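Undergrad: I'll drop the sequence and a predicted model, then ask my questions.
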Amino acid sequence: MEDWDDGPFRPEAVTVRVPAKINLSLSVGPLRPDGYHELVTVFHAVSLYDEIVARAARGLSLTVEPLRRDSDVAGVPDDEHNLAWRAALLLAEYARVEPDVRLTIRKDIPVAGGMAGGSADAAAALLACDRLWGTGLRRDELHDLAARLGSDVPFALHGGTAIGSGRGEHITPVLAAAGLEWVIAVYDGGLSTPKVFETCDTRRRRDSREIPEPSVHPDLMTTLRSGDALRVGAALYNDLQPAAIELLPEIGDLLEAGRAAGAAGALVSGSGPTTVFLVDGPVSAAEVEEQLRASGLCRAVRRARGPVPGALVSNVR
Ligand SMILES: C[C@](O)(CO)[C@H](O)COP(=O)(O)OP(=O)(O)OC[C@H]1O[C@@H](n2ccc(N)nc2=O)[C@H](O)[C@@H]1O
Ligand SMILES: Nc1ncnc2c1ncn2[C@@H]1O[C@H](COP(=O)(O)OP(=O)(O)OP(=O)(O)O)[C@@H](O)[C@H]1O
């Protein structure tokens, strides 16, 4: 009889699909000595995706391309500054394997938009390389590596709706979060996350405001289970929103346009400048979408739903 067992199956290519996130609430506490802010956030993964393909190769290389015709990849590095490149290196070092992989990132998540696109790619690269190299890390090991790459990376692995605490890297799932429909206004340009946190601190100093311990408003947790868009919409909040609007006043105008069009909730996503609008069914979605396009203030308007799962292997060959 012929022996077909020539060792473990080593794939040629692994594809991972990974979603963007929005923050249904973002409560920012004081600046810590390590330069990060203590925060409590409710992360929510939405159906806007990047895709990463990891192919067997000699050495490490990376290319970035748009996933759709209207996806923008301007400013995304294709070298060691890319978070996905750093993720591959970190995994190789941890698992003591050679970092042999050709990474292709197909982007649709807005760049520097406050939707954690770079973090999503890092999470996807960890998962794809783990499968390609057969390193077989446990979930908790992947989570620890993710946290070393950035505050938003563990959530990109996790997905769904979850509370993030610490600097965002400690994840606690929120059970029974109902489905929500979103219209997303993609701004033409990005905002630097450190700059937005810094502006938030400056504003607080200027107002001599006491900085409370970060927390999740109990209303949000209750309304999330109800799935009632109007109630969830009223409970959305983001401590970074005033800072993002100070840096880019047009996003305040976009929020107004969406509210006037009947959105149940309107919010800057994370550090912005992407703005997200909670809608209550297809009629409301169409109206909000039309008004946002008509405002001429955004580069693209997209629809998405949440929660969706985190990074997942979608193809192996
Ligand atoms: C705004 C959010 O997207 C909300 O989820 C995150 O807090 C940002 O997460 P991220 O982009 O993964 O951030 P990191 O790459 O970890 O940090 C980038 C920079 O953002 C600032 N930063 C980030 C997270 C945090 N809790 N406090 C901070 O002050 C710091 O200046 C840090 O140097
Ligand atoms: N894979 C990547 N995709 C996008 N940007 C990347 C990537 N790797 C590194 N970067 C750099 O990081 C910067 C921020 O990009 P990113 O799209 O992650 O921002 P963001 O969505 O605002 O992040 P967050 O919501 O986590 O604060 C970019 O301007 C780019 O220079």
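TA: In hand now; what should we look at? Numbers count the residues shown, from 1 in each chain. Ligands and ions are numbered 1, 2, ... in the order given.
Undergrad: And the closest residue to residue 30 other than its chain neighbours, how close does it get to ligand 1?
TA: Distance criterion Cβ to Cβ, 6 or more residues apart in numbering; nearest residue to residue 30, sequence neighbours excluded, is residue 211 at 4.9 Å. C-betas here are computed from N, CA, C, even on glycine. For residue 211, the distance to ligand 1 under the criterion Cβ to the nearest ligand atom, to the nearest Å works out to 13 Å.
Undergrad: near ligand 1, which residues of the stretch 101-250 of the chain show up?
TA: Taking Cβ under 6 Å from any ligand atom as the criterion, the neighbours of ligand 1 within the stretch 101-250 of the chain are 116, 119, 150-152, 167-168, 193-194, 197.
Undergrad: switch the cut-off to 8 Å
TA: 114, 116, 118-119, 149-153, 155, 164, 166-169, 193-194, 196-198, 240 (Cβ under 8 Å from any ligand atom).
Undergrad: returning to that earlier point: wait, what's in contact with the residue nearest to residue 30?
TA: With Cβ atoms under 8 Å, 6 or more residues apart in numbering as the criterion, the residues that contact residue 211 are 29-30, 204.
Undergrad: Now do the same for it: its pLDDT.
TA: As predicted, residue 211 sits at a pLDDT of 88.
Undergrad: Please identify which of the contacts of residue 211 is nearest to residue 107.
TA: Nearest to residue 107 among those: residue 29, at 31.7 Å, using Cβ to Cβ.
Undergrad: ok, the strand or helix carrying the closest one near ligand 2 or not?
TA: Using DSSP states H and E, the element containing residue 29 is strand 13-31. Yes - interface with ligand 2: strand 13-31 contributes 20-21 (Cβ under 8 Å from any ligand atom).
Undergrad: Who are the packing partners of that strand?
TA: Under the contact criterion of 3 or more Cβ pairs under 8 Å, 6 or more residues apart in numbering; DSSP states H and E, the helices and strands touching strand 13-31 comprise strand 37-55, helix 117-133, helix 153-158, helix 193-206, helix 218-226, helix 229-235, strand 237-238, strand 312-316.
Undergrad: Give the PyMOL command for selecting the buried subset of the residues of the stretch 101-250 of the chain next to ligand 1.
TA: Once 16 or more other Cβ atoms under 10 Å is used to decide burial, the buried members of these can be selected in PyMOL as follows:
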select buried, resi 114+116+118+119+149+150+151+152+153+155+164+167+168+169+193+196+197+240
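Undergrad: Any idea what residue 164 is bridged to?
TA: residue 41, residue 171 (DSSP bridges).
Undergrad: got the contact list for it?
TA: Residues near residue 164 by Cβ under 8 Å, 6+ apart: 39-43, 151-152, 154-155, 170-171.
Undergrad: how about JSON lines for those residues, with pLDDT added?
TA: Putting these into JSON lines (pLDDT from 0 to 100) gives the following:
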{"residue": "39", "pLDDT": "97"}
{"residue": "40", "pLDDT": "98"}
{"residue": "41", "pLDDT": "98"}
{"residue": "42", "pLDDT": "97"}
{"residue": "43", "pLDDT": "97"}
{"residue": "151", "pLDDT": "96"}
{"residue": "152", "pLDDT": "97"}
{"residue": "154", "pLDDT": "98"}
{"residue": "155", "pLDDT": "98"}
{"residue": "170", "pLDDT": "97"}
{"residue": "171", "pLDDT": "98"}
